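> here are the coordinates; sequence isn't available:
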């Protein structure tokens, strides 16, 4: 079992603004099968990283365009299903008005790849259908844009909510073991133990 990290570059667009972004794409699996978490920007590069392994699922932590804009091309190329929490369909349709995801993610759902379980944690705030994927056997949680090194994801745009993201982080993420590695949607990794002491200061400054 291994975790591979790919960085792809493109643009994030919402509320009439556009920003250049670098996204983390995570591949979790072994020599035979793999899942992709957040197919961003470059389906060809992601497919190359998958190689000749079976791609069993394309999992979306949320449906902002920069996290899903390579999902459909990658699915078309590989036949893999796309999974998304249904609360994020409103954002999904901004990118794919004529295509639905193939399956719905639900809180507590377990996805298995190469014998390793990833448990879905619904963590609304950055987006209504945001999820994190906790892999206890790998001492890892994939947080999308819910938690970064240094603070929560942004909540100043449509369909986001600061109180909700703080509650998600407090109740769903900071309750994980301190040594859990946080693998984020953008930027560097961190750990639950490194981020937990800063929750109250994030709240105080409305981070």
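Now that the structure is in, tell me what you want to look at. All of these numbers come straight from a predicted model, not from anything done at the bench.
> ranges for the strands of the protein?
Counting by DSSP state E, the chain forms strands over residues 2-14, 17-29, 33-37, 54-59, 82-84, 103-104, 110-113, 116-122, 131-135, 140-144, 147-148, 151-152, 181-184, 190-191, given from the N-terminal end onward.
> would you mind listing the outside residues contacting the fifth one?
So the one you mean is strand 82-84. 57-60, 63, 68, 71-72, 75, 92, 101-105, 111, 129 (C-beta atoms under 8 Å, 6 or more residues apart in numbering). To be clear about C-beta, it is placed using only N, CA and C from the backbone, and glycine gets the same treatment.
> buried residues in stretch 192-207, which are they?
Of all the residues in stretch 192-207, those buried under the rule 16 or more other C-beta atoms under 10 Å are 192, 195, 199, 202, 207.
> hmm, I was thinking of stretch 175-186
176, 180, 181, 182, 183, 184, 185, 186.
> need those residues in a markdown table (columns: distance to residue 121 and pLDDT).
Putting those into a markdown table (distance: C-beta to C-beta, whole Å; pLDDT from 0 to 100) gives the following:
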| residue | distance to residue 121 | pLDDT |
| --- | --- | --- |
| 176 | 9 | 98 |
| 180 | 12 | 98 |
| 181 | 15 | 98 |
| 182 | 12 | 98 |
| 183 | 14 | 98 |
| 184 | 14 | 98 |
| 185 | 14 | 98 |
| 186 | 19 | 98 |
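> low-confidence ranges, this protein, go.
207 (pLDDT under 70).
> contacting residues around residue 49?
For residue 49, the set of contacting residues under the criterion of C-beta under 8 Å, 6+ apart consists of 4, 6, 25, 27.
> name the nearest of the residues you listed relative to residue 156.
residue 25 (24.7 Å; C-beta to C-beta).
> isn't that closest one up against residue 46?
Yes. The pair residue 25 and residue 46 qualifies as a contact (C-beta atoms under 8 Å) at a distance of 5.8 Å.
> ok so, going back, out of the contacts of residue 49, which is most surrounded?
With neighbours defined as other C-beta atoms under 10 Å, the most crowded of those is residue 25; it has 23 neighbours.
> quick check: that residue vs residue 16, distance?
From residue 25 across to residue 16, the span is 26 Å (C-beta to C-beta, to the nearest Å).
> cool, residue 134 as well?
Distance of residue 134 to residue 16, given as C-beta to C-beta: 35 Å.
> between those two, which one's more packed in?
Taking other C-beta under 10 Å, residue 134 and residue 16 do not tie; residue 134 has more neighbours (21 against 5).
> contacting residues for that one?
Contacts of residue 134 were listed using C-beta under 8 Å, 6+ apart, and they are 118, 119, 121, 140, 141, 176, 180.
> contacts only, for the fourth one.
For residue 140, the residues meeting the contact criterion (C-beta under 8 Å, 6+ apart) are 3, 134, 180, 181, 183.
> quick one on the thing from earlier: distance to residue 52 for the contacts of residue 134 - can I get that in CSV?
Written out in CSV, the entries for the contacts of residue 134 read as follows (distance: C-beta to C-beta, whole Å):
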residue, distance to residue 52
118, 22
119, 28
121, 31
140, 25
141, 29
176, 34
180, 31
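> let me know the closest of those residues to residue 162.
Set against residue 162, the nearest of those by C-beta to C-beta is residue 121 (18.7 Å).
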